[in-house]
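Trainee: 3D, please:
(chains A and B)
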Amino acid sequence: MTRIFTDRMNIIYLLVAAFLAVFPFIYDSRSMLILFSQVFIFAVLAMSYDILLGYTGIVSFGHAMFFGIGAYTVGIFMKRFEPETSYFLLAVLVTIFLTAVVSYFVGLLTLRLKSHYYAMLTMAFAGLFLVLAEKWRTVTYGNDGFTFRVPDFLKDRTDFYLLCLGSMVIVFMLLKRFTNSPLGKVLQAIRENEQRTESLGYSVLQYKVIASIVSGVIAGIAGILYAVSLRFVNTSVFTMDITLDALLMTIIGGVGTLVGAIIGAGIIEFSHHWLTELAKVHWIFERWIIFFGIIYILAVMFFPMGIVGSIKKWKFSRKKKVPAPVHSDTINQGKS
Amino acid sequence: MDVLINLSLNGLATGMLIFLLAAGLTLIFGLMDVLNFAHGGLFAWGAYSGIWVYTSTGSFFAGIIGAILTGMILGIVTERWIIKPVYGNHVQQILITLGLMLVLSEMLKVVWGPNQISAKTPDYLSGSWEFGGIIIIKYRVFIIAVGFAVFLAVQYLLKKTKIGLVVRAGVMNKEMVQSLGINIQKVFMFVFMVGAGMASLGGMLLGPYSGVIYADMGMEFAILAFIVVVIGGMGSFTGSVMAAVLVGLSGSFMAYYVPDLALAANMLLMAVVLIFRPHGLFGAKG
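Mentor: Below you'll find the predicted structure:
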């Protein structure tokens, strides 16, 4: 991030956040509220994924496991105990603890491996959690899942909308701070050139583990919000689809830019909504994901920096004759 | 004894199907350094197109040929248009092949609808033999035989023919092969085609074995194939067949004795192998 962006962009972010905050009071539509809440939740997930993919340059296929841990933790707490605020807060704390522990150990075991093996092993670990959720029927009710009641303060849709918006804004600011901190800079250095970073004396593994913990905890929080928004949880939260969603959002929006993750989440969720409605017109829209699959492949091939990255590059090349920021072509740097 | 033999046959048959998928993966990886996350998609495409040809023509053999051809064509298209632009870049490869997997399995639903399709065993392969009280299902023996034949054929191809020599040399040192005046791009394409054909054949054979085919079967079997490739060692053909039989047998025995742990056992096996022997059991290089 350079000077040109920080000041003006901050004002824009603030305006957008303020607009979104008053939005439910201007435009009263229940389905829109739910849709927007959904966008905010997935934006949190996509931002957490971006910490791994966009800022540290590692591809995880097991992100759903943290999302699922969050969703199941809150579900089980609300179902087993009373749906009260105190238990909800306890569930949040337990989620943070569990995701941190799991991501620490999984990270320690897997992050030493090369990119292929890491991707496969994280996929396998997420698969283990999926099996666990299916088989541990006494707690998870297997594949069917279970519904649960939520505390009073989460019942109102508008309040929940504001909570999701708040979470997204807070996560955005925290991660922005995180990625601009010296630690975040080291992560970006790892992404650009791992060997060089290591030879400069940074212990790459530890930094990667930190990135994976931060990312895992935030994905867990997204999972909590997701389960609360549905008031229902089943094994689908552990499936590959969740990871794929995060991946699509991050790639299409723009890797290595937190705003990109938010925009990507918005695009995917809104298109999902509209294209599913279009399914009445033509059945091909039922399979809307195929369009995104194709866009995604084209994006990886031709626009590896996604929407936001491309705009940024274009803006830079127009304003000054300086090269675009190095971090814009994240994926291109993945050579090893 | 009855149970033991049946479980072993079942495990071997599943192992052979996984082998057909994993062999292509491991060869492609060894030669091109590409891990094809879309391989399961080719497997599912083989199943759908093969079963489609089989039910519309009524000939099982034609179905097999159709499946292999579909797989080869898709393999060439994948290699040329999807993977070639991103050679040498691991992150991009992982992302792009996963995207292709998504597109392939969604395309299946577009072409053949989202529902499961049932697949029948042809008459001459259905039924079973009985040897002194032990019932052996014919189709399982057929799968094992086909798998073994493919194994022998590929082994012959690799060890005794000119192209096999080039492939083996390519696995060891690509640059050297290229500098000796061999067009490695063509070899890449050939290997990708063979790998995709084997995966499609596996998918086709799975159809009558499990009775139904569905779009997500690609992903399910691909995960097993990844496990096999990791356990056997990436790039090792012999390793992949050993590991496939191991995973198949452990799957069938676990499913009988401790059903809850069937899938978990394989994944734990892979995790342990990766942690203590990252190159796999037979892998020469990492």
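Trainee: How about residues contacting the lowest-mean-pLDDT helix or strand in chain B?
Mentor: None of the helices or strands of chain B scores lower by mean pLDDT, DSSP states H and E than helix B:262-276, at a mean of 77. Helix B:262-276 has contacts (Cβ atoms under 8 Å, 6 or more residues apart in numbering or on different chains) with A:109-110, A:113, A:117, A:121, A:124-125, A:127-128, A:131-132, B:224, B:226-227, B:230-231, B:247, B:250-251, B:254-255, B:258, B:280-281. (C-beta placed from N, C-alpha, C; glycine too.)
Trainee: then it to CSV, C-alphas only?
Mentor: What follows is helix B:262-276 as a C-alpha-only set of coordinates in CSV (Å, rounded to 0.1, in the frame of the first residue of the first chain):
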residue,chain,number,x,y,z
ALA,B,262,-12.6,-46.7,6.9
LEU,B,263,-11.8,-43.4,5.3
ALA,B,264,-10.0,-42.0,8.3
ALA,B,265,-7.6,-44.9,8.4
ASN,B,266,-6.3,-44.1,4.9
MET,B,267,-6.0,-40.4,5.6
LEU,B,268,-4.1,-41.1,8.8
LEU,B,269,-1.9,-43.5,6.9
MET,B,270,-1.1,-40.8,4.4
ALA,B,271,-0.5,-38.2,7.1
VAL,B,272,1.9,-40.5,8.8
VAL,B,273,3.8,-41.4,5.6
LEU,B,274,4.1,-37.7,4.7
ILE,B,275,5.4,-36.7,8.1
PHE,B,276,8.0,-39.4,8.4
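Trainee: In that helix, which of the residues would be classed as buried?
Mentor: B:262-267, B:269-271, B:273-274 (16 or more other Cβ atoms under 10 Å in any protein chain shown).
Trainee: Please apply the same query to stretch A:269-284.
Mentor: Neighbour-count burial for stretch A:269-284 flags A:269, A:271-273, A:275 (criterion: 16+ other Cβ under 10 Å).
Trainee: average pLDDT across it?
Mentor: When pLDDT is averaged over stretch A:269-284, the result is 78.
Trainee: swap in stretch B:168-181?
Mentor: The average of the pLDDT scores along stretch B:168-181 is 86.
Trainee: Could you list the residues in contact with it?
Mentor: With Cβ under 8 Å, 6+ apart, stretch B:168-181 has contacts from B:30-31, B:158, B:166, B:184, B:187, B:235.
Trainee: The helix or strand where B:Leu249 lies vs helix B:262-276, what angle?
Mentor: Under the criterion of DSSP states H and E, B:Leu249 resides in helix B:237-257. Computed by axes from the mean of the first three to the mean of the last three Cα atoms, to 10 degrees, the angle separating helix B:237-257 from helix B:262-276 equals 140 degrees.
Trainee: got the buried residues for helix B:237-257?
Mentor: Judged by neighbour count (16+ other Cβ under 10 Å), helix B:237-257 contains these buried residues: B:237, B:239-255.
Trainee: What residues does the stretch 151-300 of chain A have near chain B?
Mentor: Contact residues, the stretch 151-300 of chain A versus chain B (Cβ under 8 Å from any Cβ of the partner chain): A:240, A:244, A:247, A:251, A:284, A:286-287, A:289-290, A:293-294, A:296-297, A:300.
Trainee: residue boundaries of the strands in the stretch 151-300 of chain A?
Mentor: Residue ranges of the strands in the stretch 151-300 of chain A, as given by DSSP state E, counting those that start in this stretch, are A:232-233.
Trainee: So, low pLDDT: which residues of it?
Mentor: Confidence mapping of the stretch 151-300 of chain A against pLDDT under 70 gives the ranges A:284-285.
Trainee: Over to the stretch 51-200 of chain B?
Mentor: For the stretch 51-200 of chain B, no stretch is flagged by pLDDT under 70.
Trainee: Within range of chain A, give me the residues from it.
Mentor: With Cβ under 8 Å from any Cβ as the criterion, the stretch 51-200 of chain B comes near chain A at residues B:82, B:85-86, B:88-92, B:94-96, B:98-100, B:102-103, B:106-107, B:109-110, B:114.
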